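Undergrad: No sequence on hand, only this structure:
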């Protein structure tokens with residue numbers, strides 16, 4: 001029977017790194033294995049546009065903007081899970097889905113090139129079946145979803161349901177032939193299983209297992225000037241997945257039907273409505289999770305003998321804290337995004353509060369509370385949060401090199417090239433009778449001229465965080481020796497991570513990079529040289545707004561670059 005159901009469902013169409021990752025050895029990319037990203041020499045030019053760094057400013061005007069090709073993007077794991085929850089109230093375990101691709105630094109960018117494996121197809125089908133069967137396990141719940149009680153799998157009730165839920169699922173009205181296909185699936189299932197509700201149930205599975213649900217086209221349609229524009233239902237989908245990280249609602253689809261999303265004014269009005277809804281926080285929270293690769297926090301192992309408190313509840317607390325503070329700054333406080341680097345706000349459960357030295361009274365693993373860190377404490381800003389510090393570390397100790405590499409690439413938009421072949425990556429372990437701090441071991445490692453240049457670009461950024469261990473717990477000693485947390489950011493010397501956060505907060509370089517990262521996230525492709533004029537304009541308006549993230553989103557979605565594409569060439 002299972003094979004029969006599956007075949008009917010598919011009838012609708014779903015048929016040279018030098019730091020490979022944390023390992024038990026305790027080595028890391030401070031000279032060895034144990035990191036999350038490749039280390040190497042720094043490309044002193046901008047990684048995508050060719051801009052030079054602040055030491056050698058290029059005054060050449062950027063080239064004119066040119067639209068990218070249209071694309072087909074697969075839903076990311078969180079988008080799939082959010083969409084299923086919005087329709088069925090069912091929570092999908094994202095780890096059980098086909099892995100996202102982070103080509104282009106974001107899952108939403110990699111989604112245009114990811115290939116769904118045969119196992120991935122089965123995983124999507126299993127998740128959809130679980131959600132639908134859960135909803136249809138109770139006839140009352142099923143009829144609430146359907147909106148009526150079908151007496152036959154293809155009666156007026158069922159057909160109306162296929163049209164209405166299909167519009168939500170596929171983000172456009174279904175054609176009559178598509179409704180007829182669903183009705184045929186329902187009739188076959190009703191005949192085999194005996195009830196109209198069974199028929200509608202398996203047609204619902206077919207609807208959500210279809211590539212029309214799992215993939216979203218952004219191909220454009222001919223506009224008044226014969227250029228291709230993302231308009232109507234495609235714009236509704238693009239807006240909803242950017243701001244809600246989920247499906248458009250009926251009101252947004254109605255806007256598309258009425259042509260209201262074909263103009264910047266209509267797009268702005270729709271975006272403002274989405275941002276003011278409860279789900280609007282996803283516009284910033286989901287970006288932060290993708291940008292900071294918070295998915296990795298939940299998969300990283302630590303030495304249980306050294307860190308017995310490193311539990312799943314603590315890891316989940318780390319992710320919620322990072323996301324939550326971004327949302328807090330953007331929505332609740334409506335403050336400058338740059339204040340994130342010097343914020344003292346914390347959103348913690350019992351486990352994270354304990355790690356931060358805060359009072360966990362009244363909290364448990366699932367209960368979170370907003371705290372303010374003490375002004376004279378050792379921790380300030382999002383980079384001093386455990387969700388960042390534990391991610392760029394190995395199983396035993398933190399990694400100044402990995403932390404610095406992430407900052408160089410993600411905050412400064414400067415690319416680190418891979419190291420030359422044959423470079424020895426391992427840091428020498430100190431002898432038991434002659435302990436050394438990580439700083440001293442790195443200084444020794446940099447005596448090798450082939451290592452000196454790349455480490456000089458990364459280590460000074462990460463060394464201020466040596467006051468925190470592999471899970472982000474504060475410390476003052478390293479192997480029994482006092483820690484020197486001094487470092488450097490873009491030529492400015494800093495005494496510790498607190499000074500570093502304050503310096504970053506006022507950095508134009510970081511503000512510009514943040515715009516470029518959000519732009520790539522929003523349009524779904526890596527930044528290109530021809531995007532520079534767009535990001536320059538967005539950076540100027542971002543600065544004029546006081547670095548408000550919500551205003552950046554509104555300016556971006558109403559810019560022609562958000563709605564312009566060209567025809568695919570293959």
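TA: Done, it's in. Just so you know, these numbers come straight off a predicted model, no measurement behind them.
Undergrad: quick one: buried residues of stretch 526-543?
TA: Using 16 or more other Cβ atoms under 10 Å as the test for burial, stretch 526-543 gives 526-527, 530-539, 541-542. From N, CA and C alone the C-beta is placed, and that goes for glycine too.
Undergrad: For residue 513, what are phi and psi?
TA: Main-chain dihedrals, residue 513, degrees, to the nearest 10: phi -70, psi -40.
Undergrad: Nearest spatial neighbour of it, chain-adjacent residues omitted?
TA: residue 413 (3.9 Å; Cβ to Cβ, 6 or more residues apart in numbering).
Undergrad: Got the confidence number for that neighbour?
TA: On the pLDDT scale, residue 413 is placed at 96.
Undergrad: Go ahead and confirm it touches residue 518.
TA: No - with contact defined as Cβ atoms under 8 Å, residue 413 and residue 518 do not form a contacting pair (11.9 Å).
Undergrad: give me the low-pLDDT residue ranges for this protein?
TA: Scanning the chain for pLDDT under 70 picks out the ranges 1-58, 422-426.
Undergrad: Residue ranges of each domain in it, please.
TA: With automatic domain parsing as the criterion, the domains of the chain are listed as 26-60+392-506, 76-215.
Undergrad: what's the first-to-last distance across the shortest one?
TA: So that's domain 76-215. Looking at domain 76-215, the gap from its leading to its trailing residue is 9 Å under the measure Cα to Cα, to the nearest Å.
Undergrad: ok, what's across the strand from residue 347?
TA: Taking DSSP bridges, one obtains residue 370 as the residues bridged to residue 347.
Undergrad: How about the contacts made by it?
TA: Shown in contact with residue 347 (Cβ atoms under 8 Å, 6 or more residues apart in numbering): 320-321, 324-325, 328, 368-371.
Undergrad: Which ChimeraX command selects the buried ones in those?
TA: For the buried members of these, the matching ChimeraX selection, counting by 16+ other Cβ under 10 Å, is:
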select :320,321,324,325,328,368,369,371
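Undergrad: what about the helix or strand where residue 158 lies, distance to the chain center?
TA: Secondary structure here is read from DSSP states H and E; on that basis residue 158 sits in helix 156-170. Taking the mean of its C-alpha atoms, helix 156-170 sits 31 Å from the chain's own mean (Cα atoms, centre = their mean, to the nearest Å).
Undergrad: Give the other helices and strands that that helix contacts.
TA: In this structure, helix 156-170 makes packing contacts with helix 77-88, helix 139-146, helix 176-193, helix 196-209, helix 211-214, helix 250-257, judged by 3 or more Cβ pairs under 8 Å, 6 or more residues apart in numbering; DSSP states H and E.
Undergrad: Show me which parts of the fifth one are buried, residue by residue.
TA: The one in question is helix 211-214. Neighbour counts over helix 211-214 (16+ other Cβ under 10 Å) mark 211-214 as buried.
Undergrad: Show me what secondary structure element comes after the helix or strand where residue 458 lies.
TA: Residue 458 is located in helix 449-462, with elements delineated by DSSP H and E. Counting by DSSP H and E, the next helix or strand C-terminal to helix 449-462 is strand 477-478.
Undergrad: contacting residues around that following strand?
TA: For strand 477-478, contacts defined as Cβ under 8 Å, 6+ apart pick out 437-439, 466, 483.
Undergrad: Kindly recompute the last result at 6 Å.
TA: 437-438 (Cβ atoms under 6 Å, 6 or more residues apart in numbering).
Undergrad: where do the helices sit along the stretch 401-550 of the chain?
TA: In the stretch 401-550 of the chain, the helices defined using DSSP state H, counting those that start in this stretch lie at 438-445, 449-462, 497-505, 508-523, 532-544, 549-557.
Undergrad: report the angle between the axes of the first one and helix 449-462?
TA: It stands for helix 438-445. Helix 438-445 and helix 449-462 meet at an angle of 160 degrees, taking axes from the mean of the first three to the mean of the last three Cα atoms, to 10 degrees as the criterion.
Undergrad: May I see the buried residues of helix 438-445?
TA: Quick answer for helix 438-445 (16+ other Cβ under 10 Å): 438-439, 441-442, 445.
Undergrad: What about this protein, which residue is the most distant from its middle?
TA: Largest separation from the mean C-alpha position in the chain: residue 433, at 45.0 Å (Cα atoms, centre = their mean).
Undergrad: Distance of that residue relative to residue 350?
TA: When Cβ to Cβ, to the nearest Å is the yardstick, residue 433 and residue 350 sit 41 Å from each other.
Undergrad: From residue 291, how far out is residue 258?
TA: Here the distance between residue 258 and residue 291 works out to 34 Å (Cβ to Cβ).
Undergrad: oh, I was asking about residue 217
TA: When Cβ to Cβ is applied, the distance between residue 217 and residue 291 equals 25 Å.
Undergrad: Have a look at residue 258 and residue 291 and say which one is more surrounded.
TA: residue 291 (19 against 11; other Cβ atoms under 10 Å).
Undergrad: ok, the more buried one - contacts?
TA: By Cβ under 6 Å, 6+ apart, the contact list for residue 291 reads residue 517.
Undergrad: Residue 299: neighbouring residues, count only.
TA: 10.
Undergrad: scratch that, residue 139
TA: Applying the criterion other Cβ under 10 Å, we find 11 residues in the vicinity of residue 139.
Undergrad: How about residue 148?
TA: Counted with other Cβ under 10 Å, the burial measure for residue 148 works out to 13 neighbours.
Undergrad: Check the gap between the nearest residue to it once chain neighbours are set aside and residue 199 for me.
TA: Excluding its sequence neighbours, the residue lying closest to residue 148 (Cβ to Cβ, 6+ apart) is residue 157, at 4.0 Å. Applying Cβ to Cβ, the value for residue 157 to residue 199 is 12 Å.
Undergrad: ok, those two, which is more surrounded?
TA: Neighbours around residue 157 and residue 199, counted as other Cβ under 10 Å, are more numerous at residue 199. The numbers are 27 against 19.
Undergrad: Quick check: the more buried one touching residue 186?
TA: Yes - at 3.7 Å, residue 199 counts as touching residue 186 under the criterion of Cβ atoms under 6 Å.
Undergrad: which neighbours do those two share?
TA: residue 153.
Undergrad: Contact partners for the spatially most central residue of the chain?
TA: If you average the C-alpha coordinates of the chain and look for the closest C-alpha using Cα atoms, centre = their mean, you land on residue 290, 1.6 Å from that point. With contacts defined as Cβ under 6 Å, 6+ apart, the neighbours of residue 290 are 106-107.
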